[in-house]
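*Asks:* Task: produce atomic coordinates for the following.
(one chain, ligands or ions: 2)
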Amino acid sequence: MRLKGVELRRIRMPLVAPFRTSFGTEHERDVLLVRAVTTEAEGWAECVAMSEPGYSAEYVDGAAEVIRRFLLPPVVALPSADPHSVEPVFAAVKGHPMAKAALQTALLDAWLRAAGMPLVSFLGGVRATVATGVSVGIMDSIPELLDAVAGYVAAGYSRIKLKIEPGWEVEPVRAVRERFGDILLQVDANCAFTLADAPLLARLDPFDLLLIEQPLPEDDIRGHAALARRMRTPVCLDESITSARAAVDAIALGAAAIVNVKPGRVGGYLEARRIHDVCVANGVPVWVGGMLETGIGRAANVALAAMPGFVLPGDISASRRYYARDITEPFVLVDGHIRVPSGPGIGVLPDQAALAEVTTRTEWIPL
Ligand code: OSB
Ligand code: MG
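*Replies:* Ligands and ions are numbered 1, 2, ... in the order given. Take a look at the predicted model:
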């Protein structure tokens, strides 16, 4: 399979409601889509880098530049541009996992479409539907938060995740627990605390949370291990887990009782599958994270979540939780679950009219 050209397309997707985390507020998603045109088939992927480097060092303009300038030239030189062959050449470029994941996934989609194989089969998925959770942003008040959570509980989400930050931790958790009783509930701090906050974070223990996600900075593995000894709530890592090796280390050091897997954060679906495998081998539960994806990125995440080790509901919500109009057929909730696409590759394609409406820029790179 040879690469004939790549389209880098930028789309502007307004969110149905602002999404606030400890690192900032998103009003819309500025998404980079990658379309790989090969000798055998075309493949699509979504780059999860955000407009600013708030979640991690990557940002969408930078990711486009890395693809254009550093990832495409060595891929063109390869005898075969299949998703496995690009891994060693991408490894020579330091960092930029979201850029690498986007290009590798577009190639994976093309390669699987050419073979007529669904991504879920390639990954070893065992489920036809996946359980869904929803990530609820920081709000201006507790009543607003309770209204938002009430809507999601009524819609059938099987697990609620509350974003937290210093000053918005114990009280929102207490209020949601009191109002909704025995729901599956977890929190995500996106690195906003320090180990000195251990006594405060331990006050979350009485609320029987499934987990606390990434309470401390991404490079503070020892801190997470120390925090895990000072609270009962299981510590889950997101930002810190940049590879299968990082997952093995964090588990060995007692810093991660649970792992969030985001293909973009780790350089693609092959590495995501390895993380799944090492976590299963260590008895560590995993779940699929999200980055406010459109239907293109969501389709692939849903396929990943069908793997057997993904035993906790992912941050995989219905399209309408994010966007009034998705660029693919919308993903919908049925009994708190989302159906895994069964067609070849990621199993979905963008709707051309919907895509045209949100496109802000297209760049065709002939190779
Ligand atoms: O930390 O999991 C996170 C969104 C953007 C960046 C980071 C995160 C998130 C979410 C939303 O929590 C997950 C989703 O529903 O896509
Ligand atoms: Mg997170």
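
*Asks:* quick one: the helix or strand harbouring residue 185 to chain centroid distance?
*Replies:* Using DSSP states H and E, residue 185 falls within strand 184-188. The chain centre lies 16 Å from the centre of strand 184-188; the measure is Cα atoms, centre = their mean, to the nearest Å.

*Asks:* which bits of this protein sit near ligand 1?
*Replies:* Counting by Cβ under 6 Å from any ligand atom, the residues of the chain close to ligand 1 are 55, 135, 188, 190, 238, 289, 290, 291, 292, 315, 317. All C-beta spots, glycine's among them, are computed from the backbone N, C-alpha and C.

*Asks:* Buried only: go through these for me.
*Replies:* 55, 135, 188, 190, 238, 289, 290, 291, 292, 315, 317 (16 or more other Cβ atoms under 10 Å).

*Asks:* which ones are touching the last one?
*Replies:* Each residue near residue 317 by Cβ atoms under 8 Å, 6 or more residues apart in numbering is listed here: 132, 133, 134, 135, 157, 290, 333.

*Asks:* strands paired with the strand holding residue 185, and their directions?
*Replies:* Applying DSSP bridges to the sheet, strand 184-188 is found paired with strand 159-163 (parallel), strand 212-213 (parallel).

*Asks:* tell me the most buried of the ones you listed?
*Replies:* strand 212-213 (a mean of 28; mean count of other Cβ atoms under 10 Å).

*Asks:* tell me which strands and helices the following helix or strand past it is in contact with?
*Replies:* The helix or strand immediately downstream of strand 212-213 is helix 221-230, counting by DSSP H and E. Packing partners of helix 221-230 (3 or more Cβ pairs under 8 Å, 6 or more residues apart in numbering; DSSP states H and E): helix 198-202, strand 235-237, helix 244-252.

*Asks:* deepest of the ones you listed, which one?
*Replies:* strand 235-237 (a mean of 25).

*Asks:* Quick check: the gap between whatever residue of the stretch 151-300 of the chain ends up closest to ligand 2 and residue 141.
*Replies:* For the stretch 151-300 of the chain and ligand 2, the shortest gap (Cβ to the ion) falls at residue 238, measuring 3.6 Å. Distance of residue 238 to residue 141, computed by Cβ to Cβ, to the nearest Å: 26 Å.

*Asks:* max-length helix in the protein?
*Replies:* With secondary structure taken from DSSP state H, the chain has its longest helix at helix 97-115.

*Asks:* Quick check: can you list the domain ranges of the protein?
*Replies:* Structural domains of the chain, as assigned by automatic domain parsing, span the residue ranges 3-116+350-366, 120-339.

*Asks:* need these in CSV with mean pLDDT, can you?
*Replies:* Output for the domains of the chain, formatted as CSV (pLDDT from 0 to 100):
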stretch, mean pLDDT
domain 3-116+350-366, 98
domain 120-339, 98
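
*Asks:* got the residues of the chain near ligand 2?
*Replies:* 188, 213, 238 (Cβ under 5 Å from the ion).

*Asks:* Please identify which of those residues is nearest to residue 104.
*Replies:* Nearest to residue 104 among the residues of the chain next to ligand 2 is residue 238, at 20.5 Å by Cβ to Cβ.

*Asks:* Enumerate every residue touching the closest one.
*Replies:* Per Cβ under 8 Å, 6+ apart, neighbours of residue 238: 188, 190, 213, 214, 260, 262, 265, 289.

*Asks:* ranges for the strands of the stretch 251-367 of the chain?
*Replies:* Assigned by DSSP state E, counting those that start in this stretch, the strands in the stretch 251-367 of the chain fall at 258-261, 286-288, 337-339, 359-366.

*Asks:* ok now the longest one, how far from the chain's centre?
*Replies:* Spelled out, that is strand 359-366. With Cα atoms, centre = their mean, you get 24 Å for strand 359-366.

*Asks:* Name the surrounding residues that touch it.
*Replies:* 4-12, 30, 64, 68, 72.

*Asks:* For PyMOL, write the selection for the buried entries among the residues you listed.
*Replies:* In PyMOL syntax, the buried subset of these is picked out as below (16+ other Cβ under 10 Å):
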select buried, resi 6+7+8+9+10+11+30+64+72
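
*Asks:* Now tabulate the contacts of strand 359-366 in a markdown table and tack on secondary structure.
*Replies:* Below are the contacts of strand 359-366 laid out as a markdown table (DSSP: H, G, I helix; E, B strand; the rest coil):
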| residue | secondary structure |
| --- | --- |
| 4 | strand |
| 5 | strand |
| 6 | strand |
| 7 | strand |
| 8 | strand |
| 9 | strand |
| 10 | strand |
| 11 | strand |
| 12 | strand |
| 30 | strand |
| 64 | helix |
| 68 | helix |
| 72 | helix |
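
*Asks:* with the contacts of strand 359-366 in mind, which one is nearest to ligand 2?
*Replies:* Among the contacts of strand 359-366, and counting by Cβ to the ion, the member closest to ligand 2 is residue 30, at 19.5 Å.

*Asks:* Identify the residue nearest the closest one in space, chain neighbours excluded?
*Replies:* Among residues not flanking residue 30 along the chain, residue 51 sits closest, at 4.5 Å (Cβ to Cβ, 6 or more residues apart in numbering).

*Asks:* Can you pull the phi/psi pair for that neighbour?
*Replies:* phi -70, psi -30 (degrees, to the nearest 10).

*Asks:* give me the number of residues near it?
*Replies:* Around residue 51 there are 14 other residues, counting by other Cβ atoms under 10 Å.

*Asks:* State whether it and residue 63 are indeed in contact, as I suppose.
*Replies:* No - taking contacts as Cβ atoms under 8 Å, residue 51 lies outside contact range of residue 63: 10.6 Å.
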